[in-house]
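Peer 1: curious how this folds, go ahead:
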Amino acid sequence: MPAKKLRILLPLWLLAFAGLPAAQTAQGTRPATRPAEPVNLLQGSTWLYSTDGGKTFSKDPPVAPAGKSVSFIARAEFDAAEPSQYVVLEFTPNLPPALKATFTLNDQEIKGPLAGMFYRTIPAIDARMLKRGRNVLAAAITAPSVGTRRGKPRDAALSLNVSLAGLRAGHLKIQTGPILGAFGKDYFTVTCRTNMPAQVTLNCAQITDSAAHEARVSLLATSQTGLVHRFLVRDPPTTIRVHTGFFLGARVGDHFVTARIDPPEALAKKVRFVAMGDSRSNPEDWAEVAQAVFKQRPNWVVFTGDMVSRGSDDSLWDTDFFGQAKDLFESVPFYPVVGNHEGNAPVIDAFFYTPTSDGRGRNWAQTLGPVLLIGVDGRQDWPAGRENATWLEKTLAQSKAKFIFLADHYPAWGSGPHAAPGKDGQPRERSVRQGREVILPLLEKYKATAFLAGHDHCYERSQPPGGVTVIITGGAGAPRYPKLPSAARGNPYSKVFLPQLHYCLFEIEGDTCTMKALTPEGEEIDTCRWKARP
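Peer 2: Numbers count the residues shown, from 1 in each chain. A predicted model of the protein is given here:
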């Protein structure tokens, strides 16, 4: 594979021109100074609590009796001298997910951007909800039974610790991403999220005279004003040279911020991709694996699910996943499938761009050079002869690719707890059983190369009858699982099982595909080779 184009950090004076018309020459301007951190509007306010429906209030927090739930109302008053100076508000209730709470500001409900998501910080609240002078923040809260401590029932005080920040344009930031998604020979995709409604542009900047600080900026695409920004760019410029960079520019008023991306290049004769999965719960381990993968510079990454421990917890996506692997996401296209820990979290369709008509499909397929890459949502129903299975068979039957890889979170065969058999000898978990009884036989019928999965936190390669290798690559950070004592009965086809941090690197050249399972330190723990399909 030819070397990647030189990655450069574009100077701030150049990145200032994210909003300029296409092919305009820029010179000398610098971005505005970032304002001071926002002040908590609730600073100095006192919370009052009521357990009788608002008839009486007290400064004393309510106490949840051991083993019983409790409902109460809380309110705090505060002054806002100049509400018009704020672009949006940012509310941080700092409550555990188990609490059910409805907050109102001046009798208007505060809602998160996406229904079904839990927000530790709710962004982009309309600042017009504020009033000049006295304002009231109120909450109706139901706390579940507190439970026990050291096996004994305990009571618990339920005080609030919240903040309400007024943000100005200068507090704008690209909060999530950039995240490269599906790509092809004539297009690439990228997504990001800003912390307040903004317009984002995708730009190409070519330095024309480094000594004179001059650059030529081409505007490729513009998003609608909002929080989530999704770009599909077709026919990217063919005249890009070494001293060129792509970047996103977000703008609110006169303030802007930028983020660099490194779009994929056309596939060469030698193709390299990585498969890995199950990064949840241990962000430090995930950061280690992600950095090792980034250094490999693969053409793309396919991820076998369970990115965060709780997909509906919005904050985890930034702190535990994207924030730990910034270099990887801004430079390597990412092809994920959904795991059980993501569930139906709506942010999945916002952050990721899959090779489907709207970029949001959970079952997808794409031919990338010599590879047909298929991703499926194993949580869905996959009965033989029905819609999903029919789509998969049609996709397989039409392919002339040399190698076929299918990614599903749920393994068809495995020696860990999730693939354990029930009394009938078949997998207890429905999604694992569907993989074995429906998906794997279709792969065998059309002589696919391998079935890639996660779910069990280990590396395992199995060679069941039928010729399709089953690889579990669930070692991107989640707590590792041991091999079951009964594994030989549940999976007699296991060849290698190792509960280690790892990723799988695939290299295809000509009619040969070689896979190496590697630890972040570069230790090779397994290897496998396949010849091209007939």
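
Peer 1: going forward, measure contacts between C-alpha atoms and count neighbours the same way
Peer 2: Will do.

Peer 1: mind checking the SS state of residue 361?
Peer 2: coil (DSSP: H, G, I helix; E, B strand; the rest coil).

Peer 1: and if you look at residue 406?
Peer 2: Counting by three-state DSSP, the backbone at residue 406 sits in strand.

Peer 1: in the protein, which helix or strand is least confident?
Peer 2: Sorting the helices and strands of the chain by mean pLDDT, DSSP states H and E puts strand 24-27 at the bottom, at a mean of 35.

Peer 1: what helix or strand is residue 288 on?
Peer 2: Element membership for residue 288 (DSSP states H and E) is helix 283-296.

Peer 1: show me how far that helix is from its chain's centre.
Peer 2: Its chain's C-alpha centre lies 15 Å from the corresponding centre of helix 283-296 when counted by C-alpha atoms, centre = their mean, to the nearest Å.

Peer 1: so what are the sheet partners of the longest strand seen in the chain and their directions?
Peer 2: What stands out as the longest strand in the chain, according to DSSP state E, is strand 187-209. Sheet partners assigned to strand 187-209 using DSSP bridges are listed as strand 174-184 (antiparallel), strand 214-222 (antiparallel), strand 226-234 (antiparallel), strand 244-252 (antiparallel).

Peer 1: out of these, which gets nearest to residue 52?
Peer 2: strand 226-234 (38.9 Å; C-alpha to C-alpha).

Peer 1: how about the closest one: buried residues?
Peer 2: Of all the residues in strand 226-234, those buried under the rule 16 or more other C-alpha atoms under 10 Å are 227-233.

Peer 1: what's in contact with stretch 394-405?
Peer 2: Taking contacts as C-alpha atoms under 8 Å, 6 or more residues apart in numbering, the residues outside stretch 394-405 that touch it are 365, 367, 369-374, 443, 446, 448-452, 511, 513, 532-534.

Peer 1: mind checking which of those residues are buried?
Peer 2: 365, 367, 369-374, 443, 446, 448-452, 513, 532.

Peer 1: in this protein, which ranges drop under the pLDDT threshold?
Peer 2: Low-confidence regions of the chain, defined here as pLDDT under 70, cover residues 1-34, 66-67, 97, 145-158, 209-210, 212-213, 236-244.

Peer 1: walk me through the domains of it.
Peer 2: The chain breaks down into these domains under automatic domain parsing: 12-27+172-261, 48-167, 272-531.

Peer 1: returning to what we had before: grab the CA positions of the longest strand of the chain and hand them over as CSV.
Peer 2: What follows is the C-alpha trace of strand 187-209 in CSV, where atoms were taken according to Å, rounded to 0.1, in the frame of the first residue of the first chain:
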residue,chain,number,x,y,z
TYR,A,187,-16.7,9.5,-1.7
PHE,A,188,-16.0,9.6,2.0
THR,A,189,-18.2,10.4,5.1
VAL,A,190,-17.5,12.1,8.4
THR,A,191,-19.6,13.0,11.4
CYS,A,192,-19.2,15.2,14.5
ARG,A,193,-21.1,16.8,17.3
THR,A,194,-20.8,20.4,18.6
ASN,A,195,-21.8,21.4,22.2
MET,A,196,-24.2,24.1,20.9
PRO,A,197,-26.1,24.6,17.7
ALA,A,198,-23.6,25.6,15.1
GLN,A,199,-23.0,25.5,11.4
VAL,A,200,-20.1,23.2,10.4
THR,A,201,-18.2,23.3,7.1
LEU,A,202,-16.0,20.6,5.6
ASN,A,203,-13.0,22.2,4.0
CYS,A,204,-9.9,21.4,2.1
ALA,A,205,-6.9,23.8,2.6
GLN,A,206,-3.9,23.8,0.4
ILE,A,207,-0.8,25.8,1.4
THR,A,208,0.3,28.0,-1.5
ASP,A,209,3.1,29.9,0.1
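
Peer 1: before we move on, the earlier item: the least confident helix or strand of the chain: what's the following helix or strand?
Peer 2: Sequence order places strand 48-50 as the next helix or strand after strand 24-27, per DSSP H and E.

Peer 1: which helices and strands sit right next to that next one?
Peer 2: Contact analysis of strand 48-50 by 3 or more C-alpha pairs under 8 Å, 6 or more residues apart in numbering; DSSP states H and E lists strand 70-80 as its packing neighbours.

Peer 1: how about the contacts made by residue 294?
Peer 2: By C-alpha under 8 Å, 6+ apart, the residues touching residue 294 are 327-328, 332.

Peer 1: which single one of those is nearest to residue 477?
Peer 2: residue 328 (15.4 Å).

Peer 1: quick check: the closest one is in a helix.
Peer 2: Yes - the assignment for residue 328 is a helix, going by three-state DSSP.

Peer 1: give the contact list for it.
Peer 2: Residue 328 makes contact with 290-291, 293-294 under the criterion C-alpha under 8 Å, 6+ apart.

Peer 1: buried residues of stretch 505-514, list them for me.
Peer 2: Judged by neighbour count (16+ other C-alpha under 10 Å), stretch 505-514 contains these buried residues: 505-508, 513.

Peer 1: and those residues as a markdown table, adding secondary structure?
Peer 2: Listed next are the buried residues of stretch 505-514 as a markdown table, based on three-state DSSP:
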| residue | secondary structure |
| --- | --- |
| 505 | strand |
| 506 | strand |
| 507 | strand |
| 508 | strand |
| 513 | strand |
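
Peer 1: could these go into a markdown table alongside distance to residue 88?
Peer 2: As requested, those are exported to a markdown table (distance: C-alpha to C-alpha, whole Å):
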| residue | distance to residue 88 |
| --- | --- |
| 505 | 44 |
| 506 | 46 |
| 507 | 48 |
| 508 | 50 |
| 513 | 52 |
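
Peer 1: looking at the residues you listed, which is nearest residue 103?
Peer 2: Relative to residue 103, the closest of the buried residues of stretch 505-514 is residue 505; by C-alpha to C-alpha it sits at 47.9 Å.

Peer 1: need the contacts of residue 294 in CSV (columns: distance to residue 481).
Peer 2: Shown next, in CSV, are those (distance: C-alpha to C-alpha, whole Å):
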residue, distance to residue 481
327, 28
328, 26
332, 28
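
Peer 1: going along the chain, name the strands of the stretch 401-534 of the chain.
Peer 2: 403-407, 450-453, 459-462, 469-473, 494-498, 503-509, 512-518, 524-531 (DSSP state E, counting those that start in this stretch).

Peer 1: can I get the ones you listed in JSON lines with distance to residue 139?
Peer 2: Listed next are the strands of the stretch 401-534 of the chain as JSON lines, based on distance: least, C-alpha to C-alpha, whole Å:
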{"stretch": "strand 403-407", "distance to residue 139": "44"}
{"stretch": "strand 450-453", "distance to residue 139": "43"}
{"stretch": "strand 459-462", "distance to residue 139": "47"}
{"stretch": "strand 469-473", "distance to residue 139": "44"}
{"stretch": "strand 494-498", "distance to residue 139": "49"}
{"stretch": "strand 503-509", "distance to residue 139": "46"}
{"stretch": "strand 512-518", "distance to residue 139": "50"}
{"stretch": "strand 524-531", "distance to residue 139": "54"}
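
Peer 1: which of the ones you listed sits closest to residue 36?
Peer 2: In terms of C-alpha to C-alpha, the element of those nearest to residue 36 is strand 503-509, at 42.1 Å.

Peer 1: returning to that earlier point: and the strands of the stretch 401-534 of the chain: which comes nearest residue 44?
Peer 2: strand 503-509 (50.3 Å).
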